[in-house]
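Asker: build the 3D model from these lines:
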Amino acid sequence: MIVTFCLQEDTGEVSSVERARYTIGSVRKNIPGAKIVQLSNDTFPGIEGVDEVLRHPYRGDFIMWGFGAMIKLCERPENILQIATDVLVCKNVRDVFNDDFHVAACRYPAKDRNDNAFCGDVDFIKPGGGEIFNQALAVYQSFRVKDGWEGGQTAFLRATIDTSLTIKELDYDTYCRTPDKQQDNLDEAALIHFRGPRKLWMIDYAKTKGY
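Answerer: Numbers count the residues shown, from 1 in each chain. As a prediction, the model looks like this:
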């Protein structure tokens, strides 16, 4: 099993490299034996703790780069969990791959988005499922206005609607739990997504878990 994340720049109030170290720690503790692959451009250094750095040239559009890097990685005949550097893996999720699907992901809760979009920060991909990124890239390239991250999620959603691949929807609170406040009880979550301003809570939480 491969666990992968994109890391090619530091942005925001908390360093993505610093967060990634705790993401790696959470994977090592809860999915022993998983291979951790960092997706990066040609120049960004690999960080301590990853097993491999897979490089894909960056040509000025992060979404096109991200789809392209995943297409490259998904050529391998392995189960892949794609996460972001603001995600902690808090339980062993290998058994998710026992279900029947090509791609499994979580939709945003209705309180956050009303377009049924999948959150692109947690994806389970079985061998053959990487075709969804080829399809999403084709949709994204067709947009006259690319609209960054939102455009990428819209392209991915349209690809899942039109694809012949089997797409499984996972429970958001279990596999992409986003806390509403720092004091939330997160013990039942398998993966926790500290998106947006919650990134500031991530490292403190990770330290309490020994990641």
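Asker: rounded mean pLDDT for stretch 163-181, please.
Answerer: Across stretch 163-181, the average pLDDT comes to 96.
Asker: same deal with stretch 190-208?
Answerer: 94.
Asker: list the contacts of the residue nearest the centre of the chain.
Answerer: For the chain, residue 83 is the residue whose C-alpha lies nearest the centre (CA atoms, centre = their mean; 2.5 Å). Neighbour list for residue 83: 3-5, 23, 89, 121-122, 191 [criterion: CB atoms under 8 Å, 6 or more residues apart in numbering]. The C-beta positions use only the backbone N, C-alpha and C, and glycine is treated the same way.
Asker: let's see which of the residues you listed end up in helices.
Answerer: residue 23 (DSSP state H).
Asker: just send the contacts of residue 83 back as a markdown table, with neighbour count and distance to residue 170 too.
Answerer: Listed next are the contacts of residue 83 as a markdown table, based on neighbours: other CB atoms under 10 Å; distance: CB to CB, whole Å:
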| residue | neighbour count | distance to residue 170 |
| --- | --- | --- |
| 3 | 24 | 16 |
| 4 | 24 | 17 |
| 5 | 24 | 18 |
| 23 | 25 | 19 |
| 89 | 24 | 14 |
| 121 | 22 | 13 |
| 122 | 25 | 8 |
| 191 | 22 | 9 |
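Asker: flag whichever of the contacts of residue 83 scores worst on pLDDT.
Answerer: For the contacts of residue 83, the least confident entry is residue 121, with 92.
Asker: the nearest residue to that residue once chain neighbours are set aside: how many residues sit nearby?
Answerer: Counting by CB to CB, 6 or more residues apart in numbering, residue 84 is the residue found nearest to residue 121 once chain neighbours are left out, at 3.9 Å. By other CB atoms under 10 Å, 20 other residues sit near residue 84.
Asker: isn't residue 84 up against residue 119?
Answerer: No - counting by CB atoms under 8 Å, residue 84 sits too far from residue 119 to count as a contact (9.1 Å).
Asker: how about low-confidence regions in the chain?
Answerer: Along the chain, segments meeting pLDDT under 70 span 9-14.
Asker: against the centre of it, work out the most remote residue.
Answerer: Centroid-distance maximum for the chain: residue 144 at 25.7 Å, with CA atoms, centre = their mean.
Asker: give me the three-state assignment for that one.
Answerer: coil (DSSP: H, G, I helix; E, B strand; the rest coil).
Asker: I appreciate the help and will end here.
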